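Visitor: generate a structure from the sequence data that follows.
(2 chains)
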Amino acid sequence: MNDDFLHRIRVEPPPAFMADLKARLDRQLPPAAAAPRRSLFRVLVFGLLFGGSVFAITVLTVNGIPDFARNFVQTLHQGSTRKGDAPERSHAATPFSGGNRLPAPFASRPGGTTESGSTEHTGEAPNSSRGPATPGAANNTAPNVQSVVGGTSTRPRQVLNLVTVKNLEAYLKSRVANFTQPYRTDTSVTAADSATEALAQFCNNPATAGGKSGPDIAVVPRRITRAEFGVCTTYIGNIAEVQMEHQAVVLARSKLYGTLALSARDLFLALAAEIPDPEHPGALISNPNTTWDRVNAALGAGPIEVFGPPEQSITGTAFRETLLQAGCDAVPALATLSQRDAARYQHVCTTLRKDGTYVEIREDVTTDTLQTLQSHPDAIGVLGYAQLRLFGPILQNNYMLIINPVGGVQPTPQSIADGTYPGSRTLYLYLNQRRVPYGALNLIYWLADTNEIASTLSSEDPQIKGPRRYLGPLPDLKL
Amino acid sequence: MRELTGTDDLDWDAVYADQAPRVYNYFRFRLARDSDVEELTARTFERAWRSRAHYRRDLAGFATWLFKIAQNVRLDYLQSRRGHLPIDAALDVVAEGTPEKEAERNSDLARLRALTKDLPDRERELLALKYGAAINNRLIAQLTGLSESNVGTILHRVVQTLRSRW
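Guide: Numbers count the residues shown, from 1 in each chain, chains lettered A, B, ... in the order given. Below is the predicted model of the structure:
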């Protein structure tokens, strides 16, 4: 095979780039070959510490505590009492004023210089002892040496506590994963069972929680209610709201058979594991529907076959929580269940059937879904909105697919942003304005304004990205 | 290509020298802008270096593992871009060699992009792995989930087509 013309296209990477990247990698981790030396070093250190401890205990046992040591401990104790019990974050807990003025960290994108040189040093310190002897590592050790000599305590790594709902936990963890690294800031993401519980944790009363403050940030898939806002302002003061992003799940189908006039209710009755028994609406039965006309006589007798992301994936979860939930809410027979047993209602509304009607396809390979829809022209495919935007004309021209409206509404930036498309939702982020830890604003910037981490559900459309950042006291936002 | 089978006995400098140009050219074949090529190459290596302790030699060769990371990095990048990359734009590859040779290479790359823009993603991925990353059909098969013979057949067909239109 004569393929020289293709081999010729290869080039060597620019030497400057190669050298720069190599230097960055060398700084990142020590070479693997250094491991045995570290082990030997550890053994030596451990031996010295152990021997020293044995010696000290023996001396103390025989002679008692020497006077100079007792005086030194007393001096330290008095010193710390004079300083008070300033919180570890106090250096960074500068509340920004309300209104629409953006605080300083918003002025530059993440990656620029920050005000926390010492925090970053502290973050580097543990690594510096393991890393190679680079100039950067040498600098990082300096503050620690000085702090020991000077007798001041070293500052711990910054930890931002973020609470969200269970179904967004994986998504948020993936979003903050890349934030943590560059800023030497740890972000702890915990999940509550519901948005109500997440906001309750965020707005908790420190007095009843043993003086423990709530999480720094809450991310929930709905807006705070007026009652919750009242609780928040009572216990923690003003909070800021950021409309983090709009997300949407879309349906695609082959052009061959055209769109189906589906509603969210049709989707629920076609795909939920359990639905109300048509003959005894108060009872639930395993979903027996195999053709669309069983769900809605107007839909024709085509088989129900849906290809979509795994149920527990980010897009799969969003699908269940938007379209399936909306369909469930539209079934009157389930209304009484929602009042009788909220947990059961939630389970029924968001559980997909497992009998092969809904076929799971890997979420990270969109082409698999598209090719499957090509070969199953009567099936419906579930995609994240970002996938639709990504494939755009290719989806229509190469794969011969069209987007299926839901409830007569097409997923457009406008219909997603204003919520008229049933498969859309908005993520809201809340921040305690009285206690703004260092890194929180950069984290918000990261979550709300960057696309560094892929979201399969959102998009860069101006209507979706543009008007969503509101930083200011909530009363201004007209709840 | 060197057989890379583990992490404990690897010469990381040699690994970097061997693999970096491959990853770089893989992205060059798959993307358009040189700045993105460098960015994604760096991201791939940083991610690999960060998690190299987790690399399990019993599951995959090192090159397979590295290129899997590269593929994931590209997908992340595409999804974060939320749109089509400008296929025929920004062929600003940094000059290496004479300007004439560089211009010729860029011209070839532009021509390749024009000829392959309507190809299915799978075929373009195979071309990038074969001629950008310069890896063999066996590794490509592992990376794409195709059989080795299938990789060879598809590549042969695509190359013949490209050649006739070159």
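
Visitor: which stretches in chain B count as strands?
Guide: Counting by DSSP state E, one finds no strands in chain B.

Visitor: list the contacts of the one residue sitting closest to the centre of it.
Guide: Taking C-alpha atoms, centre = their mean, the centroid of chain B lies closest to B:Y26, which sits 1.8 Å from it. The contact partners of B:Y26, by C-beta atoms under 8 Å, 6 or more residues apart in numbering or on different chains, come to B:67, B:70, B:128-129, B:132-133. Backbone N, C-alpha and C define where each C-beta goes, glycine included.

Visitor: and the helices in the stretch 201-350 of chain A?
Guide: According to DSSP state H, counting those that start in this stretch, the stretch 201-350 of chain A carries its helices in the segments A:226-236, A:264-271, A:292-295, A:314-319, A:325-329, A:335-340, A:342-350.

Visitor: please convert the ones you listed to JSON lines, extending it with mean pLDDT and distance to A:Q371.
Guide: Shown next, in JSON lines, are the helices of the stretch 201-350 of chain A (pLDDT from 0 to 100; distance: least, C-beta to C-beta, whole Å):
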{"stretch": "helix A:226-236", "mean pLDDT": "86", "distance to A:Q371": "45"}
{"stretch": "helix A:264-271", "mean pLDDT": "95", "distance to A:Q371": "22"}
{"stretch": "helix A:292-295", "mean pLDDT": "93", "distance to A:Q371": "23"}
{"stretch": "helix A:314-319", "mean pLDDT": "86", "distance to A:Q371": "18"}
{"stretch": "helix A:325-329", "mean pLDDT": "92", "distance to A:Q371": "28"}
{"stretch": "helix A:335-340", "mean pLDDT": "81", "distance to A:Q371": "39"}
{"stretch": "helix A:342-350", "mean pLDDT": "90", "distance to A:Q371": "28"}
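
Visitor: how about those, which one is nearest chain B?
Guide: Minimum separation from chain B across the helices of the stretch 201-350 of chain A (C-beta to the nearest C-beta) falls at helix A:314-319, 11.2 Å.

Visitor: from the contact counts, what lies against that closest one?
Guide: Contacts defined by 3 or more C-beta pairs under 8 Å, 6 or more residues apart in numbering or on different chains; DSSP states H and E place helix A:314-319 against helix A:166-183, strand A:239-254, strand A:306-308, strand A:380-384.

Visitor: buried set for it?
Guide: For helix A:314-319, the neighbour count (16 or more other C-beta atoms under 10 Å in any protein chain shown) marks A:314-319 as buried.

Visitor: mind putting the contacts of B:Y26 in JSON lines, pLDDT, distance to chain A and neighbour count included?
Guide: Shown next, in JSON lines, are the contacts of B:Y26 (pLDDT from 0 to 100; distance: C-beta to the nearest C-beta, whole Å; neighbours: other C-beta atoms under 10 Å in any protein chain shown):
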{"residue": "B:F67", "pLDDT": "88", "distance to chain A": "15", "neighbour count": "26"}
{"residue": "B:A70", "pLDDT": "87", "distance to chain A": "14", "neighbour count": "28"}
{"residue": "B:A128", "pLDDT": "92", "distance to chain A": "10", "neighbour count": "23"}
{"residue": "B:L129", "pLDDT": "92", "distance to chain A": "12", "neighbour count": "27"}
{"residue": "B:G132", "pLDDT": "90", "distance to chain A": "7", "neighbour count": "23"}
{"residue": "B:A133", "pLDDT": "91", "distance to chain A": "9", "neighbour count": "28"}
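
Visitor: narrow the residues you listed to those in helices?
Guide: Among the contacts of B:Y26, the members falling in helices (DSSP state H) are B:67, B:70.

Visitor: closest one of the contacts of B:Y26 to B:I140?
Guide: For those, the minimum distance to B:I140 (C-beta to C-beta) is 4.8 Å, reached by B:L129.

Visitor: ok, back up a step: which two among the buried residues of helix A:314-319 are spaced furthest apart?
Guide: A:I314 and A:F319 (9.8 Å).

Visitor: re earlier: just give me the closest of the buried residues of helix A:314-319 to B:V159.
Guide: Using C-beta to C-beta, the buried residues of helix A:314-319 come closest to B:V159 at A:T315, 35.9 Å.

Visitor: so the closest one touches A:A386, yeah?
Guide: No. Using C-beta atoms under 8 Å, A:T315 is not in contact with A:A386, being 9.1 Å away.

Visitor: what pLDDT does residue 61 get?
Guide: No chain was given, so I picked chain A. pLDDT for A:T61: 57.

Visitor: nope, chain B
Guide: We have a pLDDT of 75 for B:G61.

Visitor: from B:Q142, how far off is the spatially closest residue to A:P288 that is not a sequence neighbour?
Guide: Once flanking residues are discounted, A:P288 sits nearest to A:R294: 7.5 Å by C-beta to C-beta, 6 or more residues apart in numbering or on different chains. According to C-beta to C-beta, to the nearest Å, A:R294 stands 44 Å off from B:Q142.

Visitor: give me the number of residues near the residue nearest to A:P281 when sequence neighbours are not counted?
Guide: Excluding the flanking residues, the one nearest A:P281 by C-beta to C-beta, 6+ apart is A:A333, at 3.8 Å. Other residues lying near A:A333 total 15 when counted by other C-beta atoms under 10 Å in any protein chain shown.

Visitor: correct me if wrong: A:A333 contacts A:E279.
Guide: No. Using C-beta under 8 Å as the test, A:A333 is too far from A:E279 to be in contact (11.3 Å).

Visitor: pLDDT weak spots in the stretch 51-200 of chain A?
Guide: Scanning the stretch 51-200 of chain A with the threshold set as pLDDT under 70 gives A:56-158, A:178-185.

Visitor: wait, I meant chain B
Guide: B:1-10, B:32-35, B:54-60, B:79-106.
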